[in-house]
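Student: Make a model of this:
(one chain, ligands or ions: 1)
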Amino acid sequence: MTEKSGVLYVVATPMGNLGDITHRACRVLADVDLIACEDTRHSRVLLGHLGIDASLISYHEHNEAQMLPRLLGLLAEGKHIALISDAGTPLINDPGYVLVRAARERGLAVAPIPGPSAVTCALSAAGLPSDRFLFVGFPPRGEQARRTWLASLAREPGTLICYESGRRAAATLSDLADVLGPRRAVVARELTKRFETFLAADLPALAARVAEDAEQQLGELVILIEGDLRADAERDDEHQRTILRILAEELPLKQAVALTARITGGNRNRLYKEALTARDAGSDSE
Ligand code: SAM
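Tutor: Predicted coordinates for the structure are as follows:
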């Protein structure tokens, strides 16, 4: 792209408390030629509060593809555009990925203007391990799909973080308790707002607490769950045993062991000894 191309600014905005806007975000929002936002009425309230009279264009999940050529064309012409969402950081479970990717593919400049996001805000004050975490967006809505999805996350060692609406919180927490068991968890609700609440307990207690208290089912929330804290070595051993068991159902033991060692990098002799012990124990109990 030419020197004259505009910049796409990805600007984080408050998710409750209007004071949570950075000086840099205010400057960029005031200076750009156009602000692409999810809901123009919603964003006008924020911009009005900031004293910014900007041109707004609606850009949301249902018109992303349609708006793309127009926004890319404006950037190529040299217009500076700010992308904002209704709350928090764009692209974090909000529209924008398609636009940012397309802009980058065309060599257009994309600049992040960092600020609030519910995921980092909740993690920063939850008191759960924060050096490693996995953000998984919204859980599937159907119960069966949700439980399968949770089972696939059960061995994740980092803190698991998901978004949820208040009205689905009790059902999701109940499934979390069933699938993941009594792990420590935190529900962070209405962050930065008047009724901000952090509830911390093990999952079954948290599920019961939210189910019995209608107030805890209001508003927006983030659920954080301690990861599978078993040591990596223990998890790796279990992984190897699972692979070996599956392969040994289909192949001669030696071959199953050789393949398991290749797939997992495990020690072939140790795996073979363990497999023989397991097979002997199995035949003893028959
Ligand atoms: N882009 C946003 C961000 O950076 O966090 C997330 C948008 S996503 C569509 C909306 C979800 O984020 C809500 O359903 C809720 O789970 C979470 N969320 C947003 N604001 C929140 C708040 N003030 N307190 C707790 N959770 C919030």
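Student: Run through the residues of the stretch 51-200 of the chain sitting next to the ligand.
Tutor: Residues of the stretch 51-200 of the chain found near the ligand (CB under 6 Å from any ligand atom) are 85, 87-89, 92-94, 117-119, 163-165, 188-193. Backbone N, C-alpha and C define where each C-beta goes, glycine included.
Student: Show the buried residues in these.
Tutor: 85, 87-89, 92-94, 117-119, 163-164, 188-192 (16 or more other CB atoms under 10 Å).
Student: which stretch of helix or strand covers Leu29?
Tutor: helix 23-31 (DSSP states H and E).
Student: Just the buried positions in that helix, please.
Tutor: In helix 23-31, counting by 16+ other CB under 10 Å, buried: Ala25, Cys26, Val28, Leu29.
Student: What is the neighbour count of Asn160?
Tutor: Heads up, residue 160 is Leu, not Asn. Neighbour count for Leu160, taken as other CB atoms under 10 Å: 24.
Student: give me every residue that touches it.
Tutor: Phe133, Leu134, Val136, Leu153, Leu224, Ile225, Gly227 (CB atoms under 8 Å, 6 or more residues apart in numbering).
Student: The residue in the stretch 51-200 of the chain that the ligand sits nearest to bridge partners, please.
Tutor: As assessed by CB to the nearest ligand atom, the ligand sits closest to Gly88 within the stretch 51-200 of the chain, at 2.5 Å. When assigned by DSSP bridges, Gly88 has beta-bridge partners Thr13.
Student: how near is it to Leu50?
Tutor: 16 Å (CB to CB, to the nearest Å).
Student: quick one, helices of the stretch 151-286 of the chain?
Tutor: 166-180, 203-212, 232-250, 253-264, 268-284 (DSSP state H, counting those that start in this stretch).
Student: Other residues contacting the second one?
Tutor: Residues outside helix 203-212 that contact it (CB under 8 Å, 6+ apart): 169-170, 173-174, 176-177, 180-187, 199-201, 216-217, 225.
Student: need the contact list for the residue sitting nearest the centre point of the chain.
Tutor: Most central in the chain under CA atoms, centre = their mean is Phe135, positioned 2.7 Å from the mean C-alpha point. Shown in contact with Phe135 (CB under 8 Å, 6+ apart): Ile92, Val119, Ile161, Cys162.
Student: From what I see, Arg268 and Ala258 are in contact.
Tutor: Yes - applying CB atoms under 8 Å, one finds Arg268 in contact with Ala258, separated by 6.4 Å.
Student: With neighbour numbers in mind, choose between the two.
Tutor: Using other CB under 10 Å, the more surrounded residue of Arg268 and Ala258 is Ala258, with 16 against 13.
Student: Quick check: the more buried one vs Ala275, distance?
Tutor: 11 Å.
Student: pLDDT (mean, whole number) over the helix holding Leu29?
Tutor: The average pLDDT within helix 23-31 is 98.
Student: now do stretch 161-178
Tutor: Computed over stretch 161-178, the average pLDDT equals 96.
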